[in-house]
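**Q** A structural model of the following input is requested.
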Amino acid sequence: MSTPGGPGPSRLDASLARGSEAEGPERLDAGVEHELRARLLRESGLALFGHPVLIALIAALAWSDAPHSVLLGWAVAVVLATVIRAIWLRLVMGRSLTDRALRQGVRLTVLLLGLAWGVGAAVVVRLMPIEDVALVLVVLAGIVAGALTTLTADPPSFYALLGSMVVPLFASLIASAHERVYLVSAAVTALFAVAMGLVYWKAHIALLEHLAVMGRLALSDATAKRERAFLDSVFQSVPDAILVVDREGRMRAANPGFATLFGYSVAEVVGQRIGEALVPPQARDAHLDLVRRVNAGETVVAEVERRRKDGQMVTVQLAAAPVVGHPGGARLLVYTDLTARKRAEEAMRQARDLAERTGRARAAFLANMSHEIRTPMNAVLGFVELILDTELTTEQRRALELVRSSSEALLTILNDILDYSKIEAEHLELESIPFDLSKLVHATSSLLAVRAREKHLELLADVPPDLPRMVRGDPTRIRQVLTNLIGNAIKFTEEGEVVVSIAGTGMEDGQARLRFGVRDTGIGIAAEQLTTIFEEFTQADASMTRRYGGTGLGLAISQKLVRLMGGELAVTSALGQGSDFYFTVALPVETVAATPGSQPAVVVGRRVLV
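**A** Numbers count the residues shown, from 1 in each chain. Predicted coordinates for the structure are as follows:
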């Protein structure tokens with residue numbers, strides 16, 4: 001057997017491409033196995049033709065020294081074994097055999113060929129002179145040496161060939177050892193077989209290592225090609241405009257998004273300077289500053305204007321950065337079109353301005369209308385009060401009382417609308433004046449005592465004696481919030497009590513933190529309605545508007561007023577068990593000079609008003 005040409009990297013690339021789809025070591029092992037299989041089938045016709053030529057040469061040289069029938073029989077056996085191997089190789093080419101079937105076929109044909117050579121040589125050497133025996137040994141050694149490469153991929157095939165050729169010949173030489181030269185030949189044959197076995201094993205290990213290295217190189221190259229193809233696909237698919245420029249500012253590569261945004265084809269821009277093609281004259285200085293920053297290694301993101309091919313200006317967001325590790329100092333520029341976003345921002349700005357103008361007009365309208373309606377309404381109430389002081393029949397007095405109560409309800413609604421419109425228009429300003437804390441609470445509660453008495457409710461005011469007497473703030477707005485909370489408590493309580501309380505929660509930087517609270521034993525509020533109770537035009541139950549009246553603005557206005565004072569109005573309640581509204585504000589404490597013999601204007605402590 002002669003040595004066929006060795007495999008190149010392209011063959012191993014093909015093996016890896018046809019191998020397993022797995023990545024890493026599994027794919028590499030599959031590629032190596034495929035190459036080993038290919039090597040077992042890569043015996044050329046010339047190598048097979050060498051066997052008949054060699055046996056013919058031996059027969060011709062030994063024709064006069066050995067029986068012709070033996071030589072002819074040996075030659076026929078070698079030729080038949082060679083033909084069988086050639087036919088098998090021809091049949092399996094292009095067919096998909098399992099690895100086991102392929103190796104078994106190779107081993108059987110090689111064993112058959114080895115037996116033809118080895119058994120024939122064992123018979124002939126006993127009938128030939130020693131010089132012809134030497135020729136046979138040389139030929140057999142050449143065949144074995146040639147098989148070192150041809151069968152390097154499959155150790156059992158080589159050892160089958162080596163054993164089938166050497167064992168019969170060795171046995172025949174030992175049997176003919178009546179002459180010393182035959183004994184020496186047998187020893188040389190055995191030593192040659194051992195040496196060839198060791199050489200083959202080293203060659204097999206070297207082949208595996210070689211194929212593994214070539215496979216890793218091929219796999220790395222294939223992976224790099226896939227990565228380059230993937231990155232190129234990403235580069236071409238990004239919708240933003242991507243541009244690569246060198247350190248001198250010449251454009252080297254661009255993606256389709258660049259052509260879409262600026263109107264240039266890739267071929268048109270390659271080689272041009274970016275400053276000449278895209279940067280308008282008025283932006284050259286800013287562009288040069290950006291270039292300096294990027295050349296210094298900085299990543300720059302800026303909103304700039306650039307010029308399209310048709311001369312139109314387009315607003316873009318530019319992200320520029322140096323390409324790390326590039327020896328030529330390449331720069332990567334990414335342009336994002338901001339035209340749609342700018343249009344959306346302008347539309348939102350116009351809509352916001354329109355909404356603000358509409359809100360201000362609505363608030364001004366509500367304030368003006370509330371003021372214009374409230375003025376005659378006060379006159380109506382004044383005349384009703386005057387008429388009620390005169391002699392009236394029972395029917396007249398009942399009608400006028402109804403007119404008065406309806407007018408007061410309407411005036412309350414107008415006041416709520418006016419306050420709400422002022423707060424919405426941000427026209428409401430808080431005062432900062434000294435006032436008596438306990439007097440404010442008691443006076444506010446006393447104003448609503450008549451309504452509590454009419455419903456047979458107990459109204460209590462609780463002002464601890466250790467609270468600061470004088471504080472600075474807006475007493476009118478605090479009174480408005482308390483009036484609203486107390487009024488609601490009386491409205492939604494049928495029996496029991498309403499408690500108005502104030503408590504100190506600490507001092508900080510000369511300011512007293514005061515917790516105002518109004519607790520009742522009324523109908524209460526369901527848990528799922530507590531989150532919406534402070535929203536505009538909202539009551540815990542829609543039917544309450546019909547049953548109890550009101551606009552649903554009172555708590556919303558109170559919440560906004562408390563927030564203006566730096567607090568937060570909150571509530572805890574349970575359905576059927578009453579409610580507790582409270583808020584905490586910080587008010588500066590006023591120092592009051594003591595006057596001998598003076599008495600507090602209002603008695604503090606827990607006080608029952610009704």
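**Q** Can you get me the start-to-end distance on stretch 231-248?
**A** 25 Å (C-alpha to C-alpha, to the nearest Å).
**Q** List the buried residues of that stretch.
**A** Asp240, Ala241, Ile242, Leu243, Val244, Val245 (16 or more other C-beta atoms under 10 Å). Quick note: C-beta positions are derived from backbone N, CA and C, even for glycine.
**Q** Including secondary structure, could those residues go into a markdown table?
**A** Below are the buried residues of stretch 231-248 laid out as a markdown table (DSSP: H, G, I helix; E, B strand; the rest coil):
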| residue | secondary structure |
| --- | --- |
| Asp240 | coil |
| Ala241 | strand |
| Ile242 | strand |
| Leu243 | strand |
| Val244 | strand |
| Val245 | strand |
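**Q** quick one: Phe258 is in a helix?
**A** Yes: counting by three-state DSSP, Phe258 falls inside a helix.
**Q** Excluding sequence neighbours, find me the nearest residue to it.
**A** Setting aside the residues directly before and after it, Phe258 is nearest to Ala241 in space (C-beta to C-beta, 6 or more residues apart in numbering), at 3.9 Å.
**Q** And the residue sitting furthest away from the middle of the chain, what's its pLDDT?
**A** Distance from the C-alpha centroid of the chain, by C-alpha atoms, centre = their mean, peaks at Ser64 (88.8 Å). In this model, Ser64 is scored at 80, pLDDT.
**Q** Next: the one 5 residues further on.
**A** Confidence per residue is given as pLDDT, and for Ser69 that number is 86.
**Q** any idea how far it lies from Leu169?
**A** 20 Å (C-beta to C-beta, to the nearest Å).
**Q** which of those two has more neighbours?
**A** The neighbour count for Ser69 versus Leu169, taken as other C-beta atoms under 10 Å, is higher for Leu169 (28 against 8).
**Q** For whichever helix or strand that one is part of, which residues meet the burial criterion?
**A** Leu169 belongs to helix 155-175 when assigned by DSSP states H and E. Judged by neighbour count using 16+ other C-beta under 10 Å, the buried positions of helix 155-175 are 157-170, 172-173.
**Q** that's a helix at Thr82, yeah?
**A** Yes: counting by three-state DSSP, Thr82 is found in a helix.
**Q** one step back: can you list the buried residues of stretch 231-248 in JSON lines and add distance to Gln312?
**A** Output for those, formatted as JSON lines (distance: C-beta to C-beta, whole Å):
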{"residue": "Asp240", "distance to Gln312": "19"}
{"residue": "Ala241", "distance to Gln312": "15"}
{"residue": "Ile242", "distance to Gln312": "21"}
{"residue": "Leu243", "distance to Gln312": "18"}
{"residue": "Val244", "distance to Gln312": "24"}
{"residue": "Val245", "distance to Gln312": "22"}
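**Q** Looking at the residues you listed, spot the one nearest Leu460.
**A** Asp240 (70.5 Å; C-beta to C-beta).
**Q** phi, psi of the closest one?
**A** Asp240 adopts backbone torsions of phi -70, psi 160, taken as degrees, to the nearest 10.
**Q** show me what contacts it?
**A** Gly257, Leu261, Val334, Tyr335, Thr336, Asp337 (C-beta atoms under 8 Å, 6 or more residues apart in numbering).
**Q** didn't the first one look like it was pressed against Leu243?
**A** No: contact status for Gly257 versus Leu243: not in contact, 9.6 Å apart, counting by C-beta atoms under 8 Å.
**Q** Low-confidence ranges, the stretch 51-200 of the chain, go.
**A** For the stretch 51-200 of the chain, the stretches flagged by pLDDT under 70 are 94, 177-178.
**Q** can you give me the helices for it?
**A** Counting by DSSP state H, counting those that start in this stretch, the stretch 51-200 of the chain has helices at residues 68-92, 99-124, 130-150, 155-175, 180-237.
**Q** quick one: the longest one to helix 130-150, angle?
**A** Right, helix 180-237. Angle of helix 180-237 versus helix 130-150, following axes from the mean of the first three to the mean of the last three C-alpha atoms, to 10 degrees, is 20 degrees.
**Q** for helix 180-237, packing partners?
**A** If you count contacts as 3 or more C-beta pairs under 8 Å, 6 or more residues apart in numbering; DSSP states H and E, helix 180-237 packs onto helix 9-18, helix 25-40, helix 130-150, helix 155-175.
**Q** ok and it relative to helix 155-175, angle-wise?
**A** 170 degrees.
**Q** if we can go back for a sec, reformat the helices of the stretch 51-200 of the chain as TSV; add distance to Gly567.
**A** Shown next, in TSV, are the helices of the stretch 51-200 of the chain (distance: least, C-beta to C-beta, whole Å):
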stretch	distance to Gly567
helix 68-92	94
helix 99-124	85
helix 130-150	96
helix 155-175	92
helix 180-237	56
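**Q** Next SSE downstream of the helix or strand in which Leu402 is found?
**A** Assigned by DSSP H and E, Leu402 belongs to helix 394-424. Moving toward the C-terminus from helix 394-424, the next helix or strand (DSSP H and E) is strand 433-436.
**Q** picking up where we left off before, what's the spacing between the residue nearest to Phe258 and Val441?
**A** 69 Å.
**Q** would you say Val498 is within a strand?
**A** Yes: assessed with three-state DSSP, Val498 lies in a strand.
**Q** Determine the number of other residues adjacent to it.
**A** The tally of other residues near Val498 (other C-beta under 10 Å) stands at 30.
**Q** doesn't Ala452 make contact with it?
**A** Yes: assessed by C-beta under 8 Å, Val498 is found in contact with Ala452 at 6.4 Å.
**Q** shared neighbours of these two, which are they?
**A** Glu458, Leu459, Ile490.
**Q** For these, pick the one with the most neighbours.
**A** Neighbour counts for these, by other C-beta under 10 Å, peak at Leu459, which reaches 26 neighbours.
**Q** That one reaches Ser445, doesn't it?
**A** Yes: the pair Leu459 and Ser445 qualifies as a contact (C-beta under 8 Å) at a distance of 6.2 Å.
**Q** Asn478 and Leu440 touch, don't they?
**A** For residue 478 the amino acid is Ile, not Asn. Yes: contact criterion C-beta under 8 Å: Ile478 and Leu440 qualify, at 6.5 Å.
**Q** the more surrounded of these two?
**A** Applying other C-beta under 10 Å to Ile478 and Leu440 shows that Ile478 carries more neighbours, namely 25 against 20.
**Q** does that one count as helix, strand or coil?
**A** Ile478 ends up helix, using three-state DSSP.
**Q** contacting residues around it?
**A** Leu440, Phe516, Met565, Val585.
**Q** Leu333 too?
**A** When contacts are counted by C-beta under 8 Å, 6+ apart, Leu333 is found next to Ile242, Leu243, Val244, Val245, Ile274, Leu318, Ala319, Ala320.
**Q** Mind picking the lowest-pLDDT entry from those?
**A** Comparing pLDDT over the contacts of Leu333, the lowest score belongs to Ile274 (82).
**Q** how deep is it tucked in, by neighbour count?
**A** 20.
**Q** what's the spacing between it and Leu332?
**A** 12 Å.
**Q** shared neighbours of these two, anything?
**A** Overlap of the contact sets of Ile274 and Leu332 (by C-beta under 8 Å, 6+ apart) consists of Leu243.
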